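1. what's the 3D shape of this:
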Amino acid sequence: MPLLIPQNNSLYEVLTCEGISLIDKSSFNKNIKPLKVLILNLMPTKSETEIQLLRVLGFNNHYIEITFLTTKTYTSKNTSKEHLDTFYKTFDEIKDEFFDGMIITGAPVEHLEFENVIYWNELKDIMDYSSKNIKSTFHICWGAQAGLYHHYGIKKYNLSKKVFGVFPHKSNKPYSKLLNGFDDEFFAPHSRYSYIKKDDLLGLDDLEILSESDEAGIYIVKSKDLKNIFVTGHSEYDSYTLYNEYKRDIDRNIDIQIPKNYFLNDNPNNKPIVKWRSHSNLLFYNWIKILNSL
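-> You can find the predicted model right below:
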């Protein structure tokens, strides 16, 4: 089924070429009630993240109306004001609306304490709003750590070495609705300098650990009522996202290891091997299916 988004020629050109159906919000049949999904995009390269998330959301059988949200207390330096003004709303503009689902993306601020992030108070207001006005919120990477900290007081811990690459994961609860159809072992990308401790989660009755990795640690956590879903990796990443991050750090003279299990033979001169796409599509497909049932 199509995704309903504001008319955006760059998104339309990329995604329609991949077979994803898009409809301009203004021309949609008002007699059809779509699922409404709010995307709080905290990533610096917003257009890239838009495409990644719309690509995985497009793998579904429901009409989905997309609203992009940006912070008012911090303006992105990597996205034009024109783009933000045209395609994004701020919290003040949507705080009286109801949405079926929300996605809170990751952000490159994991080296900071949560309270030192410029938009932390605004993000807290948005997460409080989600508890009342949104059926289920899907938190990604730093967004997952922020959500666990705000809602449950779970701390994040810094790493001396970046968790960077594509890692195998196992399903702890294979019959969970969110993991329906998953293989016993599946892959997902990670790119972060911090982590959450399993022991901190085990003491909370409301949280269930659905998936983890021997190398990358905790991967998917959910509240028992599916109100909050926390995914510490980046299943939405496309083929070359890790490569671009690796090249960026090399160009900045940052001591960064080659992303593990990503390039053929772990050689950065070779093409990346995508081994997480089917899992990624299925994860978001299952979440959308859950939204429709809540």
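2. hey, let's count contacts and neighbours off CA atoms from now on
-> OK.
3. worst-scoring helix or strand of this protein, pLDDT-wise?
-> helix 9-17 (a mean of 79; mean pLDDT, DSSP states H and E).
4. mind giving me the packing neighbours of that helix?
-> With contacts taken as 3 or more CA pairs under 8 Å, 6 or more residues apart in numbering; DSSP states H and E, helix 9-17 sits against strand 22-24, helix 46-57.
5. buried stuff in it?
-> Buried residues in helix 9-17, defined by neighbour count with 16 or more other CA atoms under 10 Å: 11-12, 15.
6. and what of stretch 90-106?
-> For stretch 90-106, by 16+ other CA under 10 Å, it's 90-91, 98-106.
7. check the residues you listed and tell me the two furthest apart.
-> 98 and 106 (22.7 Å; CA to CA).
8. list of residues touching the least confident helix or strand of the chain?
-> 21-22, 51, 55 (CA atoms under 8 Å, 6 or more residues apart in numbering).
9. got these as JSON lines, with neighbour count columns?
-> JSON lines is the format used below for the contacts of helix 9-17 (neighbours: other CA atoms under 10 Å):
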{"residue": "21", "neighbour count": "17"}
{"residue": "22", "neighbour count": "22"}
{"residue": "51", "neighbour count": "19"}
{"residue": "55", "neighbour count": "23"}
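10. ok, these vs residue 243, which is closest?
-> Once CA to CA is applied, the member of the contacts of helix 9-17 that ends up nearest residue 243 is residue 51, at 17.0 Å.
11. please list all residues in contact with that closest one.
-> By CA under 8 Å, 6+ apart, the contact set of residue 51 is 11, 14-15.
12. low-scoring stretches of the stretch 101-250 of the chain, by residue?
-> Scanning the stretch 101-250 of the chain for pLDDT under 70 picks out nothing.
13. try 90 this time
-> Along the stretch 101-250 of the chain, segments meeting pLDDT under 90 span 110-111, 174, 203.
14. strands of that one, start to end?
-> With strands called from DSSP state E, counting those that start in this stretch, the stretch 101-250 of the chain shows them at 134-140, 157-171, 185-195, 207-213, 217-223, 228-231.
15. now those in CSV, with distance to residue 82 and mean neighbour count?
-> Listed next are those as CSV, based on distance: least, CA to CA, whole Å; neighbours: other CA atoms under 10 Å:
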stretch, distance to residue 82, mean neighbour count
strand 134-140, 26, 24
strand 157-171, 33, 18
strand 185-195, 29, 21
strand 207-213, 40, 19
strand 217-223, 36, 21
strand 228-231, 31, 24
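16. give me the neighbour count for residue 224.
-> By the criterion of other CA atoms under 10 Å, residue 224 has 12 neighbours.
17. looking at the buried residues of stretch 90-106, which is nearest residue 214?
-> Using CA to CA, residue 106 comes nearest to residue 214 of the buried residues of stretch 90-106, at 22.0 Å.
18. next one: the residue in the chain sticking out farthest from the centre from residue 24, what distance?
-> In the chain, the residue that sits farthest from the middle, by CA atoms, centre = their mean, is residue 31; the gap is 30.2 Å. According to CA to CA, to the nearest Å, residue 31 and residue 24 sit 15 Å apart.
19. residue 199 too?
-> 46 Å.
20. more neighbours, those two?
-> Between residue 199 and residue 24, counting by other CA under 10 Å, residue 24 is the more crowded of the two (15 against 8).
21. who's in contact with the more buried one?
-> Contacts of residue 24 by CA under 8 Å, 6+ apart are 4-7.
22. can you tell me which of these are buried?
-> Buried among these (16+ other CA under 10 Å): 4-7.
23. isn't residue 3 right up against residue 65?
-> Yes: counting by CA atoms under 8 Å, residue 65 is a contact partner of residue 3 at 6.0 Å.
24. that concludes my questions; thank you for your assistance.
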